[in-house]
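*Asks:* Return a 3D structure for these sequence lines:
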Amino acid sequence: MKIIITGGSGFLGQRVARELLKRGQVNDAGGNPQPIRELILVDITPPLNGLSDATIRYAVGDAANPKFIAETFGLGLLRLAFRPAC
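*Replies:* A predicted model of the protein is given here:
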């Protein structure tokens, strides 16, 4: 399973990542344990003392920027707009 943590350079992001690495797996939507293949930590700044593990990748940029997300993760973006009924 691939997991993306926004705020990954911060205190909580690093703590969550450390715990996930310790566990080595998470349950999928069906409740079945899946190994963690990749842990991507996204933040606007690089970590001061980042975790070092083969499954971790750091992505430095603004997670609210659609261009950054598309370039970093190769994801297509869907933007929805609506007009509220009056």
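
*Asks:* Every contact and neighbour count from this point should use C-alpha atoms.
*Replies:* Noted.

*Asks:* Rounded mean pLDDT for the longest helix that the chain contains, please.
*Replies:* The residue-count maximum for a helix in the chain (DSSP state H) belongs to helix 11-23. What helix 11-23 shows for mean pLDDT is 92.

*Asks:* tell me how far it is from the chain's mean position?
*Replies:* Relative to its parent chain, helix 11-23 has a centroid offset of 12 Å by CA atoms, centre = their mean, to the nearest Å.

*Asks:* Of all the residues in it, which ones are buried?
*Replies:* Neighbour counts over helix 11-23 (16 or more other CA atoms under 10 Å) mark 13-14, 17, 21 as buried.

*Asks:* Same question for stretch 29-38.
*Replies:* Buried residues in stretch 29-38, counted by 16+ other CA under 10 Å: 36, 38.

*Asks:* Model confidence score at the residue nearest to Gly10 when sequence neighbours are not counted, please.
*Replies:* Using CA to CA, 6 or more residues apart in numbering and skipping residues adjacent in sequence, the residue nearest Gly10 is Pro47, 7.2 Å away. pLDDT for Pro47: 83.

*Asks:* Return the residues in contact with Pro47.
*Replies:* 8-10 (CA atoms under 8 Å, 6 or more residues apart in numbering).

*Asks:* ok so, going back, C-alpha coordinates for the longest helix of the chain, CSV please?
*Replies:* These are the backbone C-alpha positions of helix 11-23, laid out as CSV (Å, rounded to 0.1, in the frame of the first residue of the first chain):
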residue,chain,number,x,y,z
PHE,A,11,6.2,16.8,14.5
LEU,A,12,2.9,14.9,14.0
GLY,A,13,3.8,13.8,10.5
GLN,A,14,7.1,12.4,11.5
ARG,A,15,5.5,10.7,14.5
VAL,A,16,2.8,9.1,12.3
ALA,A,17,5.4,8.0,9.8
ARG,A,18,7.6,6.4,12.5
GLU,A,19,4.6,4.5,13.9
LEU,A,20,3.6,3.2,10.5
LEU,A,21,7.2,2.1,9.8
LYS,A,22,7.1,0.2,13.1
ARG,A,23,3.9,-1.5,12.2
